[in-house]
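*Asks:* coords please:
(chains A, B and C)
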Amino acid sequence: MKRFLNSWTGIIIAFALLYSLKGVLPAAFLTEVVIFSIYAMGCSFLIGRLGLTSFGQPAFLAFGAYGAGVYLYYFGHNSYVAILVGVLVSLVINMLVGLFMVRLNSSYFTLCNQAFCVVTFFLFQKALVKWTFGDNGLLLISRMDPTPFIDLTTTKGIYLFAFLVAIAVWFFYQYLMKKSVFGATCLCVKDNEQKLRFLGYKTFNIKWFAFVIANTTAGLAGAIYTIYFCMVNANIASVNTASEAVAISMLGGAGTLFGPLVGSFLFIGLKDIASQFISHWEVLVGLLLIIVMLAGEKGIVGSLEGYIEKLREKRSLSKPALTKEGGL
Amino acid sequence: MLLILLVLDDMGKLRGMEMGMPNIVEVKNLNAAYGQSKVLFDINLHIKPNERVAIVGRNGAGKTTLQKCIASLLHPTSGSVVYDGTELVGKQPYEVARMGLKYIDQDKHVFLDLTVRENLELSSYATGDYEWDKVFEHFPKLKILIDRKGAYLSGGERQMLMIGRAILGDPKVLLVDEPTEGLAPSIVDDLVTTFHELSRDCAIMTVGQNLSFVSRVAERVYAMKEGRLVAEITDEVEIKNNSYCEYL
Amino acid sequence: MIKMNMQLLISAIVLGLSMSGVYFLLTVGLSLCYGLMRIISLDQFFYYALGAYMVYTITSLTGSFWLGMIGAMLAVLVVAFVVERLINKRVYSKPVMFSMILTFGVNLMGVGLIKYVWGLTPKPVASPIAGRVMILGTGVPTYRIFVIALAIVVYFAVQYFLNKTILGTAIRAGIDDAEKVKALGINISRLFTVTFILSSVLSALAGVIHAPFVMVSPEMGMTITAFAFMVVIIGGLGSIKGTMVSALIVGQVVSLGALIWAPLAEMAPFLVMIIILLIKPTGLYGSKLMHR
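*Replies:* As a prediction, this is how the structure comes out:
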């Protein structure tokens, strides 16, 4: 079952199922879930596979979002290109920032990331207000042309596009985490970095590369957000939402493949339902974080995977170790 | 008559009279593991009051793990440790220390930022024992170094301090881990004398690989190999000859 | 050209010093908690905000700021005790990341509760000491001088506590090697509780004395977070002296930076932090214990 879920077809089927829920659940909700899960994927990867907790994810989201937004507002009108620009901007920023951040140990990394997020928010809200219009932001509806293949200016189009991108991202991370040597070395970095260095691996490069990948994923999500909302303002870099990315990653299971998706679905769903009763979402997020951390960091998918492993072990133990023919 | 008694005492034979007394430490079927990796297998041993016992074994045999389990600094997966009639497994390490069973680590790490005085004060605070004279009796040098910070003490002085602060509170059992590591031979000589003096008041279990030290100090030796106790040697001659190394 | 006159400069320096005082009170707790318990206690920001809100409420009810100060510290003492016993103590032996996320959760919950109890609108707290004092020909609010004096008193009090009392000695020993403290016979979890409560009360005090400077709002914890982090990182976690020094630096950078170019006040500490971290990734006084 687990192997099926983690295979290529498994990913496609999972997303297809989700896509088809369009009749049952509001499309806006599903779109947001998918885009957010791309965003959370990067965060989850960093926490679960590298042991680096970043409370500054909105900053990386913002660079992608503003990259796309600024392009559409000042330069061109093609949404595809805008997304590409957003990703490129995010990539360059991450490469530079990563050089600095990755040298720090995990506590300082977290603190610095959060500080970086505050500064980024300030940057977009006040310092660059001449170009970004701060809290009012850039309104882009009039500046987006219909695009070929999938028309990103329609809700249906962006919905489909988000799903396709998500599948692509999932394929990428599936390869990264399960099948590549790089993914394995990331886990080693989390476990015992010193030992890995003694073995001759350049852990700095590994961490930097992973940082860039994870946060560019966030940038991609940001760019798609801009297209989806047809606007971008400083709120996207707000520190308040930093905890959401972390909460979702932990809830779903940091470092697992489907964790961000499950976490996203549950969290956004919970928030939508709960916000009708509780006016302050912080209590919910905070409580969630506390519960998840006290229960052990595995999260939902992580615990499920662990449970399935135990079942498989039990089943294989009950079988006789050797058959009459002398093989396993 | 008195002379004979004194001589007998020196040779340790007087302690034979205490063989009738119950063991001060009784370890039964102790097992321990680090995660999935099993380290101790069915350890059974005992320590008599005022006895000097040694456990010898190679690196990684599990000697430190064993001592830490007895002192409740690590949790065994199964088994029991009875000290002076009380079960220790499950107790907090500070409770065990206050009951009079003290563990002295091998890393000779006294608190670097604290002076000798502050180190002793901490121990006094924990045990309620402020009679430092007995510490200075065994280690007169500590009195001179009383205001020096731990970071500026030599290896031998640190070892002295570690033992010195442990004997406050009149413990009945000292678990000393690799005491001679990194120490100059003359200091080791002093340590031998110290151990003999200390054991008048409490039992000492020392673990290590320094066989010559063991031969001069121990009355009984356990040989440990890969997490198991493979031999118990009580014969004096064998101890002095280190002939038990074949078990390792 | 920058028009810098003496009065403005002195005013800014005093302002910077008073900010340093607030930063120091807030971050000394973070530093101690990390040094002894190896946790990053992000819920300190909640205690800071709670302290400010408590002083607002008590002052509104009784008219006395000083009563409010004491009340706030007592309230936070109780809350911190409950949080430590119920929640924090479960993650002491786990990697630092656990405590970061956990205490962040506590912080968030706390902010939500504040919003629920006190609402969203910022509340004003009047300065308890009116009037100005002349320093080198410049009028400086007396209250700011009081804040600076208080911070200095607390600094020496903490140093005295750590160096001259047995409990403080035990804490210093625990920061060095917690296991040996256990082996000596000291109940270290009680030490942890005391340290956590001390840290939290100091954070509350920071909130109390900061309240007259800023409007008390639910966001105040978040706003000051970045600066507190910069202080802690520049000074190095685990060092009280380092915290004091870097609080002084950050305070001055913020206030003098604001003189030159207003947005600089927010960005400057960040730049200083980057520069220092590039040279020494563990901060100015960063202890050698920070490898993970």
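*Asks:* What ranges does the chain have for its helices?
*Replies:* Because you didn't say which chain, this covers chain A. Along chain A, counting by DSSP state H, helices occupy A:2-6, A:8-20, A:27-45, A:57-70, A:79-101, A:106-122, A:129-132, A:155-174, A:181-198, A:203-229, A:242-252, A:259-274, A:281-294, A:299-318.
*Asks:* I was after chain C.
*Replies:* Counting by DSSP H, the helices of chain C are C:6-37, C:44-62, C:65-86, C:96-118, C:142-164, C:166-176, C:178-184, C:188-210, C:220-235, C:240-260, C:264-279.
*Asks:* what's the fourth one packed up against?
*Replies:* In this structure, helix C:96-118 packs against helix A:106-122, helix A:242-252, helix A:281-294, helix C:44-62, helix C:220-235, with contacts taken as 3 or more Cβ pairs under 8 Å, 6 or more residues apart in numbering or on different chains; DSSP states H and E. C-betas here are computed from N, CA, C, even on glycine.
*Asks:* Quick one: list the elements packing against the fourth one.
*Replies:* Counting contacts by 3+ Cβ pairs under 8 Å, 6+ apart, helix C:44-62 is packed against helix C:6-37, helix C:65-86, helix C:96-118, helix C:188-210, helix C:220-235.
*Asks:* Okay, buried residues for it please.
*Replies:* By neighbour count with 16 or more other Cβ atoms under 10 Å in any protein chain shown, helix C:44-62 contains the buried residues C:44-59.
*Asks:* just the angle between that helix and helix C:188-210, please?
*Replies:* Angle of helix C:44-62 versus helix C:188-210, following axes from the mean of the first three to the mean of the last three Cα atoms, to 10 degrees, is 60 degrees.
*Asks:* Residues of chain B that sit close to chain C?
*Replies:* With Cβ under 8 Å from any Cβ of the partner chain as the criterion, chain B meets chain C at residues B:71, B:73, B:92-94, B:97-98, B:102-105, B:109, B:111-114, B:118-119, B:121-123, B:125-127, B:165-166, B:169.
*Asks:* Separate out the buried members of those residues.
*Replies:* Looks like the residues of chain B next to chain C have B:71, B:73, B:93-94, B:97-98, B:102-105, B:111, B:114, B:118-119, B:121-123, B:125-127, B:165-166, B:169 buried, using 16+ other Cβ under 10 Å.
*Asks:* picking that back up, please identify which of the buried residues of helix C:44-62 is nearest to A:L284.
*Replies:* The closest of these to A:L284 turns out to be C:F46 (Cβ to Cβ; 15.9 Å).
*Asks:* Identify the residues contacting the closest one.
*Replies:* Contact partners of C:F46, counting by Cβ atoms under 8 Å, 6 or more residues apart in numbering or on different chains, are C:V106, C:N107, C:G110, C:V111, C:G221.
*Asks:* mind putting these in CSV, pLDDT, neighbour count and distance to B:R220 included?
*Replies:* CSV is the format used below for the contacts of C:F46 (pLDDT from 0 to 100; neighbours: other Cβ atoms under 10 Å in any protein chain shown; distance: Cβ to Cβ, whole Å):
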residue, pLDDT, neighbour count, distance to B:R220
C:V106, 91, 26, 54
C:N107, 90, 26, 57
C:G110, 91, 23, 59
C:V111, 89, 25, 63
C:G221, 87, 27, 62
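*Asks:* nearest to chain B, of the residues you listed?
*Replies:* C:V106 (26.0 Å; Cβ to the nearest Cβ).
*Asks:* For that closest one, which non-adjacent residue is closest in space?
*Replies:* C:D43 (4.1 Å; Cβ to Cβ, 6 or more residues apart in numbering or on different chains).
*Asks:* wouldn't that neighbour be in contact with C:L108 here?
*Replies:* No: contact between C:D43 and C:L108 fails when scored by Cβ atoms under 8 Å: they sit 9.3 Å apart.
*Asks:* more crowded one of the two?
*Replies:* C:D43 (34 against 30; other Cβ atoms under 10 Å in any protein chain shown).
*Asks:* and the longest helix for chain B?
*Replies:* As assigned by DSSP H, the longest helix anywhere in chain B is helix B:185-198.
*Asks:* other SSEs contacting that helix?
*Replies:* helix B:133-138, helix B:155-166, strand B:203-208, helix B:211-217.
*Asks:* at 6 Å what do you get?
*Replies:* Under the contact definition 3 or more Cβ pairs under 6 Å, 6 or more residues apart in numbering or on different chains; DSSP states H and E, helix B:185-198 sits against helix B:211-217.
*Asks:* residues in contact with the helix it packs on?
*Replies:* Helix B:211-217 is contacted from outside by B:R52, B:A54, B:V56, B:T180, B:V192, B:F195, B:I239, B:K240, B:N242, using Cβ atoms under 6 Å, 6 or more residues apart in numbering or on different chains.
*Asks:* got the buried residues for that helix?
*Replies:* Quick answer for helix B:211-217 (16+ other Cβ under 10 Å): B:L211, B:F213, B:V214, B:S215, B:R216, B:V217.
*Asks:* quick one: which two of the residues you listed are the most distant?
*Replies:* B:L211 and B:V217 (10.8 Å).
*Asks:* quick one, phi psi at B:G128?
*Replies:* Dihedral angles of B:G128 (phi, psi; degrees, to the nearest 10) stand at phi 80, psi 10.
*Asks:* How confident was the prediction at it?
*Replies:* Here the pLDDT value assigned to B:G128 is 89.
*Asks:* And it, how far from B:Q92?
*Replies:* For B:G128, the distance to B:Q92 equals 17 Å [Cβ to Cβ, to the nearest Å].
*Asks:* Same question for C:N88.
*Replies:* 18 Å.
*Asks:* ok, the residue in chain C positioned nearest to chain B - how many residues close by?
*Replies:* At 3.5 Å from chain B, C:G185 is the closest residue in chain C, using Cβ to the nearest Cβ. C:G185 has 25 neighbouring residues, counting by other Cβ under 10 Å.
*Asks:* Phi and psi next, for it.
*Replies:* The phi/psi pair for C:G185 (degrees, to the nearest 10) reads phi 110, psi 20.
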